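# Need a 3D model of the sequence below.
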Amino acid sequence: MVSRHKVTITDIAEHVGMTNMTVSRALNNPDKVKVATREKILAAAKELGYVPNAFASHLRSRKNRLIGLVTASVDNPFYSEVIKAVSRAAEERDYTIILIDTDGSPQREEVAIETLLSYQVAGIILSPVSDAAAYHPAYLDRLRATRLPVVMLDRTLNVSDFSRVVLDNRLAGSLLGELLVKKDIRRVLALTGPRDSRITQDRLIGLKTAFDVAGVSLVVEQRPGDYTLQPAYRDMADYLRQGKLPEAVFGFNQLITLGAMRALHDARVSRDDVMVLGVDRLPYADIFEVSVPCAAHDTYRLGHEAFHILFEQIEDPMAASREVVISATLISSGGN
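Presented below is the predicted three-dimensional model:
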């Protein structure tokens, strides 16, 4: 039967008949012990199945190589390219990412920040659970007190002392609004994020502005949700049960758009009867030959920029905070 006992430095010391200090030096500062001694200790460590504590090694080093990445919903396809970009950029600079998903919970977000601070990370990339103007989490004071480099990504807190990489949300709404004007569509159901979300507000402003500029009237009904699939599905299904059918459904992110499409499909509403469009490309839409016009963002660049701003501030603690805005591009047909 294989022992589940975690092998320690003490176990290795007893096995080779040496002190803990000698074993520790051989494992962590090999140049400070004789070659024969080091080889004997390393052979014993391998034989016993010793696994070094990488986190402890980080703390012992003069410069921590850990970076925290906090997302609000890791199952949102929006974050997949962001995580990939941050991970690759971090690897190029010899940093390791600690990824924590808060699943939209303010309590989990508090715990995530406290955990990363206890790990003494070099910096944090943070996509908060809310971008409402009134959302001021308690951990803000802790972050400011530590003077830790922080970059906010996509959703941002209503503060000015942290760098941020954000999307041009008004442009996204405006591009899709211009498309609707061209299609001669006037009645729109907007399935959005929370009503107090600044992202939601900016995308709505962009939509309405496009119609105002064109001098065309717009009837828009907003159904606020939480940027996830199920509430969007329920709202769309409820809307249809009332016997209403808009000319277009505007999903404010990928999951919302997918939820709306599922409800329309379940209600056997033809795609010819209602136009569906949204923000950001639906994953693998081209495989299923699904055409969904969208305002697309380069989410890989979003993550890449976030890491490089963070790296600048780690290298130069006096570097000023700054903002990078990622533009949107209109894609009039689906695809990935």
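
# Could you give the number of residues near residue 171?
When neighbours are defined as other C-beta atoms under 10 Å, residue 171 has 20 of them. Bear in mind the C-beta positions are built from the backbone N, C-alpha and C, glycine included.

# Now do it against residue 138, distance only.
Computed as C-beta to C-beta, to the nearest Å, the residue 171 to residue 138 distance reads 33 Å.

# repeat for residue 221
Distance from residue 221 to residue 138, by C-beta to C-beta: 36 Å.

# what's the next secondary structure element after the lowest-mean-pLDDT helix or strand in the chain?
Among the helical and strand segments of the chain, the one scoring lowest on mean pLDDT, DSSP states H and E is helix 54-60, with a mean of 57. Using DSSP states H and E, the helix or strand that follows helix 54-60 in sequence is strand 66-71.

# could you say which helix or strand contains residue 265?
Here residue 265 is assigned to helix 254-266, by DSSP H and E.

# chain center to that helix, what's the gap?
Here helix 254-266 shows a centroid-to-chain-centroid distance of 22 Å under the convention C-alpha atoms, centre = their mean, to the nearest Å.

# In the stretch 51-200 of the chain, mark out all the strands, start to finish.
66-71, 96-101, 123-126, 150-153, 163-167, 187-192 (DSSP state E, counting those that start in this stretch).

# any residues touching the second one, and which ones?
Looking back up the chat, that one is strand 96-101. Under the criterion C-beta atoms under 8 Å, 6 or more residues apart in numbering, residues 54, 58, 65-74, 83, 86-87, 90, 112, 115-116, 119, 121 lie in contact with strand 96-101.

# Partner strands of that strand, with direction?
strand 66-71 (parallel) (DSSP bridges).

# cool, the fifth one as well?
Taking DSSP bridges as the criterion, strand 163-167 forms sheet pairs with strand 150-153 (parallel), strand 323-326 (parallel).

# Can you check the pLDDT for the closest residue to residue 308 other than its chain neighbours?
Nearest non-adjacent residue to residue 308, counting by C-beta to C-beta, 6 or more residues apart in numbering: residue 89, 6.5 Å away. Turning to residue 89, the model gives it a pLDDT of 97.

# quick one, helices of the protein?
Using DSSP state H, the helices found in the chain span residues 9-16, 20-28, 35-48, 54-60, 78-92, 106-118, 139-146, 169-182, 198-214, 229-241, 254-266, 299-315.

# would TSV of those helices with distance to residue 275 be doable?
Output for the helices of the chain, formatted as TSV (distance: least, C-beta to C-beta, whole Å):
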stretch	distance to residue 275
helix 9-16	66
helix 20-28	63
helix 35-48	63
helix 54-60	51
helix 78-92	22
helix 106-118	36
helix 139-146	42
helix 169-182	8
helix 198-214	14
helix 229-241	14
helix 254-266	11
helix 299-315	24
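
# closest to residue 153 out of the ones you listed?
helix 299-315 (4.8 Å; C-beta to C-beta).

# Can you name every helix or strand that that closest one contacts?
helix 78-92, strand 123-126, strand 150-153, strand 163-167, strand 323-326 (3 or more C-beta pairs under 8 Å, 6 or more residues apart in numbering; DSSP states H and E).
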